[in-house]
Every structure is written in C-alpha cells, then in structure tokens.
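**Student:** okay, here's the prediction I keep looking at, along with the sequence it came from:
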Amino acid sequence: MKRNSKLNLKGDTDMAKRTSTASAVLVLSLVAFGGAALAASAEDDSFNKVSAGLYEKAKQEGSVIIYSVWDVEHLVKITEAFSKRFPGIKTSYWQGRNPEIVTRVVIEFQANNPSVDAILSDNAPPVIRAAGAIMPYETVQKNLLILHDPTMPVVSLQIQTLSYNTKKLKAADAPKTWEDVANAKYKGMVALDDPMRAGPLSSMLAGLKGLWKDDARWTKFVQGLKALNVPLHKSTSAMMRLLVAGEYAIGMPTLLHDTLEEKETGSPIDYAKTAPPIVFPRYAGIYAKAPHPNAAKLLTEWLISIEGQRTLDAVGRESSRKGFRSKASIDTAFPKGTRSIPVEDKLFLEDPKKWLDTNVKPIWGE
C-alpha cells in the first residue's frame, strides 16, 4: 500500500505547497538486505556495515525530513527509492531555492527548532555550515568519492562543460579550452552565464582561480569574457535552449547532463573534451538540530552507495563516486586521464557574494 502525506511546518505558507511525502512501498527482509544487496558490489561493504546499524536506529526515529534545491520530480524518485530500500522510514521534503533554504534553516537554528534532517543542495550547505547549523558528519565511504568534505558528504557533482552549436561552428573552429572563449574572435557569439549570480560561471571562475594561482592570468581571462559584449543569463537551461536554437554558437558554461541529453535527441550540440570539466560539489548536509539524525546519516550513506548513485544517475544527476560508469560520468564523457577542476575555495563556498564582490566585481563592474 502506498501513502502520501504533507509535511506541516509551523510558519510555512505558500512554499509548503511543494512539500510531498514518499512512503515505503516494498518490504525487504533481513535476508534480502544482507544477501542480494551485499552481492550487488563488493565496493559497498562499508555502506552495508554502517547501514545495518543506522537502519535499526532510523526505524525508531521513523522519519527523515529533507530540504532541497533539487527538482521535485527528482526528489520524488529519490525518496521513493530510499523508502523501498529502507521501509518504515517516512520521507518528507520541501523544495526551494538556495537563498530560501539558507534563510529558513538559519532562522530555525536560531529559534532552536528541530525542523529538518538533511539538506540536499550545492550552494546552501556550506553557507549554513558557516552559520554553525550543520552537524559534522564524515561518510564511511569517503575513499570512494571524487570530492571529499570531512563535515558534509558529497553525494553528487555539478559537472560543467564547454559546449558549442555544430551548425554554427565546426569542431576545428570551436574553442578547445576555457581560456579560448575569451578570444575576441568569439565576440557576440557566446551564451554567457551571469558571473555575479553565484551560478555555474561564478563557480567556474573560482575553480580556475584556484587552479591557475596566477592573478594576472585570471584577471586577463575575466576581462576577455567581459569584452565579448554579450547578454548575461541567469539560467543554464535557458542558455542551452538558445544554444540549440542557434542564437549563440558557444555556451559558457553548460552542464554535462544537459549537453548529453541534447546530443542524444539529435540537437546540433557538442562539447570540447579538451576543456577539463569544472566540478562543483552537491552535498547532503545534516542539520545541527536534526530530529532524526540517524535517518539523515542513513540517507546520506545510501545516496553514496552504488544503488543510491544509480538512482541519482537515473534522474540525470552526476555521480560523485569514483569509478561509477554512466553516460554522465567524467570517466565516460572525457578522455582517459582527464583531470577535473574542483571548486574548493572556502570563501566562495561559504560566502559566494563576498568572494564575487572581492574578486569579480572590481573587474566586471555592476
């Protein structure tokens, strides 16, 4: 039997209408838990060992509450899969934008309100951690992660690509590196993300600054992008639509899963495999006052497990796990030996506005 219910939080108004609950629909026996699941992969040994103990504690807690920036349809599938794997734990979620999540969690923390358990997002968890509202938790699967944070497990990645319209540009004429895009010959041809919105281009600039460790080179690059004299965009999805339509020849940056989906459907889109992917962490942060901390830890560990990563992959979210093979994994989408560029700048992660005001705004202006 399948049940749906709504999460009722005090003080919630219009934002609560997107709240949903996915309940258990499949009972797994301990035999199946210890047999078929263990047989899925020897690499999940650490997950299976810790999850057995966490599951018993999580069942006593009975629920896990999630705040997330992820798409609602993704959250539905993820929570349903988790409930199938671990029956007896009611899953509820609230979906909002990163600023809304940060504001809500910080206010709840200051009010000593045990309101949420897990925060699934990219930008929000580090900002919330800086406010003291994250419970430090290091996953037992840390050695399997492409990016590892000792206080908040990285369960997925945002992987950025340099894409171009194959009808507007031949492969030989397309940029080969991120730096190439700042060439004056591409003036007016680039769909450019707004560098001041703390979006993909902002994180790309932070990643390249950390990689190059050369302020003069980095400043010249940012100046070159500004000199392209193109409109700025606040949605990578909208940018991709314009790129597919031929309104622009180059997308800077695009997301790997969007690029691959367009290629699969026959759109005139390709990407420069010689431009190393920029990778930004997507976290599962555990709230400092979580009412169901063991359920939150179990959800986090499951998301990193092979089963959890397959679930994320199925909804188009890139894996954070080393060696996980899928069409949207770095190992599959880029040549062997490609070294990704991680976004690790602490100030950018915890206070992106301050980082942008300090580093980008003096060059870019208002």
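**Tutor:** It's in. Numbering: from 1, shown residues only.

**Student:** contacts for stretch 311-318, please.
**Tutor:** For stretch 311-318, contacts defined as C-beta atoms under 8 Å, 6 or more residues apart in numbering pick out 70-71, 73-74, 77-78, 81-82, 155-159, 256-257, 261, 282, 303, 319, 324, 326, 328-329. (Each C-beta comes from the backbone N, C-alpha and C, glycine too.)

**Student:** name the SS class of the residue nearest to Ile134 when sequence neighbours are not counted, please.
**Tutor:** If the residues on either side of it in the chain are set aside, Ile134 comes closest to Gly285, at 4.9 Å by C-beta to C-beta, 6 or more residues apart in numbering. Classification of Gly285 by DSSP: H, G, I helix; E, B strand; the rest coil places it in strand.

**Student:** how many neighbours does Gly285 have?
**Tutor:** For Gly285, the count of nearby residues is 32 (other C-beta atoms under 10 Å).

**Student:** Phe82 too?
**Tutor:** 23.

**Student:** surely it touches Tyr93?
**Tutor:** No: in this structure Phe82 lies outside contact range of Tyr93 using C-beta atoms under 8 Å: 10.8 Å.

**Student:** avg pLDDT for stretch 354-366?
**Tutor:** In this model, stretch 354-366 carries a mean pLDDT of 92.

**Student:** pull the CA atoms of it into CSV?
**Tutor:** Provided in CSV are the C-alpha atoms of stretch 354-366 (Å, rounded to 0.1, in the frame of the first residue of the first chain):
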residue,chain,number,x,y,z
LYS,A,354,31.7,38.2,-0.6
TRP,A,355,34.0,36.3,-2.9
LEU,A,356,32.4,37.7,-6.0
ASP,A,357,32.4,41.2,-4.6
THR,A,358,36.1,40.9,-3.8
ASN,A,359,37.3,39.2,-6.9
VAL,A,360,35.0,39.6,-9.8
LYS,A,361,33.1,42.8,-9.2
PRO,A,362,36.2,45.1,-9.4
ILE,A,363,36.8,43.7,-12.9
TRP,A,364,33.3,43.1,-14.2
GLY,A,365,31.6,46.1,-12.6
GLU,A,366,27.9,46.3,-11.7
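
**Student:** how far is it from where the chain is centred?
**Tutor:** 24 Å (C-alpha atoms, centre = their mean, to the nearest Å).
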